[in-house]
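Novice: give me coordinates for this.
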Amino acid sequence: MEWPRMALGEVSRLQAGIGFPPAIQGRTGSEVPFVKVGDISAAARSGSSTIGSARNHITTQERLALRASLVPANSVLFAKIGEAIRQNFRVIAEVDLLIDNNAMAAIPNHRIDSRYLFRFLQTIDMYALASSTTVPSLRKSDLEALRVPLPPLPEQRRIASLLDQADNLRAKPRRALVEIERIIVSRFQELTSSGRVESVELLGNLVEISARLVDPKLPQFANMQLIGSDAIESGTGRLQNMGTAAAQGAISGKYLYEPSAILYSKIRPVLNKVALPIHGGLCSADIYPLMVVSQVVNREFLWATLRAADFLAFAAGLSNRAQMPKLNREQLLSYPVSVPPLTEQEILASTFDAAAQVTFAMTGHLRLLDELFASLQYRAFRGEL
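Specialist: Numbering: from 1, shown residues only. Just a heads-up that it's a prediction; the model follows:
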C-alpha cells in the first residue's frame, strides 16, 4: 500500500541540545536528567528503546539559569555530531529531560505516533547524511527534509506494536552482552583496586608498536581481513562489519598485525576503541597494533587497562589539545601502568576467554536477528505488513 509522505520537519520539531558546563556535571538525583550521547548509546546497546535517567542530573534552578528548554517525554533522541552518529542509536525519552549539544531530539506532533517515528528513524542511516568534514555532523535542514511514510494514526500504532514485539526477540541477547561486559570491567576493577602492585611501568616498556606497512592491493594481502576504527565498537571493543581489504577497496598502505596484537584506535581516544583480534590481518593507519614484549603482563590485562577510566582520562587530557583529537606514539607509550602479580592477571585472562566464547556465539545469533528485523522494518514502511 502506498501511503502519503510528509517531511520530517512537518511531523516533528527538531531540537538541538545545549552546552553542559563542567561545573555542574557529575551529580545524580536532581530533578532534571541531562542526557549525553554516551547515555543514549548505553541505553540502546542494552536493548532498551527508552531512556528515563542519565549519569548526570541538574536542578530546575540550574536549568533556568542555562535558559535551557526541556525536551518533552516521547521525543526521539540521537547523536548529531562525531563518530557516534555512525552507531545509529535512537531512544525515546520517558520523561522531560535535557540533552547536551552533541545530541538532537525529534519531537513528534499530532500527526505522528512517537513509537512509529522512533521505528522509522531507526531505518535511516544518519551517518550517510552527515557532513563530510573533519568532525561529521548532521544539519537540521537535511533531517527536516527526510520523507516519512504517513499512514493513519491507528495503522502507525499497529506497525509500531508489531515492530516492538519483533524487537523484543533481540533484547535478551543484547542484555546478555551488556552483562558480559559488566563482568569483565568488574574483574578488572577488583584486580586494580586490590592494592597488590609489583611495579609501575611505562607502557612503552611493556609493548611495542608493530608498524609494518604493506600494500593491501598485493595478492598476499588483498584477501586478509581489514579492520578500520569504525569496525571496533566503542566502549566494548567488539569487532563488527569487517571484510577483506579487496572487498573494502583498500588502496593506501595498511599495518600488518599478528593474532596476538592489541588494536588501539588513536583517533578520538574518548571513543574507547580497543580490540583483541583472534586472527591476524590488516588494520588502518589510525590504529596502533600493540605487541606485548614484557614477561610481567599479559595482553588481556593491558587491553583492559587501555579501556579503563584512568587511561581514558589520561588520553583525553592529552588528545583534546589538538583540533583532531588523537594520541601520538610518544603520548601513548608514556602512560604509567600499575602492574599486579601475573597470577592475578591470568584470572582476568581466563574470565575474558570464557566471555569471548559466549560473546562470539551470541553476536552471531544477534546478527541474524538484526537482519530479520531489518527486513521486517523495510516491509513495514512499504505498507506490506
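Novice: which residues touch residue 50?
Specialist: Residue 50 makes contacts with 43, 91-94, as judged by Cβ atoms under 8 Å, 6 or more residues apart in numbering. All C-beta atoms are positioned from the backbone trio N, CA, C, and that covers glycine.
Novice: go with 6 Å
Specialist: 91-92, 94 (Cβ atoms under 6 Å, 6 or more residues apart in numbering).
Novice: need the pLDDT of it.
Specialist: At residue 50, the model reports a pLDDT of 95.
Novice: repeat for residue 67
Specialist: Looking at residue 67, the pLDDT reads 93.
Novice: give me the number of residues near it?
Specialist: For residue 67, the count of nearby residues is 7 (other Cβ atoms under 10 Å).
Novice: how about the one 4 residues further on?
Specialist: When neighbours are defined as other Cβ under 10 Å, residue 71 has 24 of them.
Novice: which among the contacts of residue 50 gets closest to residue 148?
Specialist: Using Cβ to Cβ, residue 92 is the member of these that lies nearest residue 148, at 16.1 Å.
Novice: shouldn't that closest one be within a strand?
Specialist: Yes. Assessed with DSSP: H, G, I helix; E, B strand; the rest coil, residue 92 lies in a strand.
Novice: so it sits right up against residue 119, yeah?
Specialist: No. Here residue 92 lies out of contact with residue 119, judged by Cβ atoms under 6 Å, at a distance of 10.1 Å.
Novice: now do the phi/psi pair for residue 43.
Specialist: phi -60, psi -50 (degrees, to the nearest 10).
Novice: ok, it to residue 101 distance?
Specialist: As defined by Cβ to Cβ, to the nearest Å, residue 43 lies at a distance of 19 Å from residue 101.
Novice: same check, this time on residue 120
Specialist: Using Cβ to Cβ, residue 120 is found at 25 Å from residue 101.
Novice: and for residue 206?
Specialist: 38 Å.
Novice: between these two, which is the more surrounded one?
Specialist: residue 206 (23 against 14).
Novice: for the stretch 1-150 of the chain, what spans make up the helices?
Specialist: In the stretch 1-150 of the chain, helices defined by DSSP state H, counting those that start in this stretch lie at 8-11, 37-45, 60-66, 114-122, 140-144, listed in chain order.
Novice: now do the shortest one, average pLDDT.
Specialist: Confidence over helix 8-11 (mean pLDDT, whole number) is 97.
Novice: tell me the most buried of the helices of the stretch 1-150 of the chain?
Specialist: For the helices of the stretch 1-150 of the chain, the largest average neighbour count (mean count of other Cβ atoms under 10 Å) is found in helix 114-122, namely a mean of 23.
Novice: show me the domain layout of this structure.
Specialist: The chain is divided into the following domains under automatic domain parsing: 5-150, 197-339.
Novice: put together JSON lines for those domains, with distance to residue 169 on each row.
Specialist: Formatted as JSON lines, the domains of the chain follow (distance: least, Cβ to Cβ, whole Å):
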{"stretch": "domain 5-150", "distance to residue 169": "10"}
{"stretch": "domain 197-339", "distance to residue 169": "20"}
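Novice: nearest to residue 167, out of those?
Specialist: Taking those one by one with Cβ to Cβ, domain 5-150 is closest: 7.0 Å.
Novice: next one: that closest one to chain centre, how far?
Specialist: Relative to its chain's centre, domain 5-150 lies at 15 Å (Cα atoms, centre = their mean, to the nearest Å).
Novice: for that domain, measure first residue to last.
Specialist: 6 Å (Cα to Cα, to the nearest Å).
Novice: Provide a list of residues in contact with residue 14.
Specialist: Going by Cβ under 6 Å, 6+ apart, the list of residues near residue 14 reads 106, 140, 143.
Novice: for the stretch 151-300 of the chain, what spans make up the strands?
Specialist: For the stretch 151-300 of the chain, the strands defined by DSSP state E, counting those that start in this stretch occupy 199-202, 207-209, 213-214, 225-227, 243-244, 254-257, 262-265, 274-275, 281-283, 287-292.
Novice: what comes up buried for the second one?
Specialist: It refers to strand 207-209. residue 207 (16 or more other Cβ atoms under 10 Å).
Novice: where does the prediction get shaky in this structure?
Specialist: Low-confidence segments of the chain (pLDDT under 70): 1, 133-134, 319-324.
Novice: and the residue nearest the centre of it, how far from residue 99?
Specialist: For the chain, the residue nearest the mean C-alpha position is residue 234 (3.9 Å; Cα atoms, centre = their mean). Distance, residue 234 to residue 99, by Cβ to Cβ: 18 Å.
Novice: same deal with residue 249?
Specialist: Plainly put, residue 249 is 36 Å away from residue 99 if you go by Cβ to Cβ.
Novice: higher neighbour count, these two?
Specialist: Set side by side, residue 249 and residue 99 give different neighbour counts by other Cβ under 10 Å, the larger being at residue 99 (31 against 10).
Novice: any idea what sits nearest the more buried one, other than its immediate chain neighbours?
Specialist: residue 17 (3.7 Å; Cβ to Cβ, 6 or more residues apart in numbering).
Novice: no further queries at this time; thank you.
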